[in-house]
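**Student:** Here is my input, please return the structure:
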Amino acid sequence: MQFINKLLEGRPNCIDMIKNGEIQMVINTPKGMIPRHDENAIRVAAVANSVCIMTTLTGAQAALGGIRAMRQKRVDVRPLQQYRGNVVPM
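**Tutor:** Residues are numbered from 1 along each chain as shown. Prediction:
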């Protein structure tokens, strides 16, 4: 994890790093109404550059759990029928 300058604190900031491909995931949990401008600018840059963005700690924890699980075990794609038994097609 790395902390980065806020937009008004100077450069490089997170938008610069998103545009340069230096950031793969953004966890942005702003407080109050004042950071809304930064939040919107960060979200726009992330979406425009196909960078995953989360705005809640719950979402970030879920993503972390998924990343950990994928590192520990290979993920295969299987039809639901393999979990529940065979289902006769309609």
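
**Student:** Tell me which residues touch Lys19, please.
**Tutor:** When contacts are counted by C-beta atoms under 8 Å, 6 or more residues apart in numbering, Lys19 touches Ala45, Asn49. (Each C-beta comes from the backbone N, C-alpha and C, glycine too.)

**Student:** change it to 10 Å
**Tutor:** Pro12, Ala45, Ala48, Asn49, Val51 (C-beta atoms under 10 Å, 6 or more residues apart in numbering).

**Student:** Include neighbour count and distance to Ala69 when you put those residues into TSV, please.
**Tutor:** Converted to TSV, the contacts of Lys19 look like this (neighbours: other C-beta atoms under 10 Å; distance: C-beta to C-beta, whole Å):
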residue	neighbour count	distance to Ala69
Pro12	12	32
Ala45	20	29
Ala48	11	29
Asn49	13	26
Val51	19	21
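
**Student:** farthest pair in those?
**Tutor:** Greatest spatial distance among these (C-beta to C-beta): Pro12 and Ala48, at 17.4 Å.

**Student:** Is Arg43 within a helix or a strand, and which one?
**Tutor:** helix 36-48 (DSSP states H and E).

**Student:** Which neighbouring elements make contact with that helix?
**Tutor:** helix 14-19, strand 25-27, strand 52-54 (3 or more C-beta pairs under 10 Å, 6 or more residues apart in numbering; DSSP states H and E).
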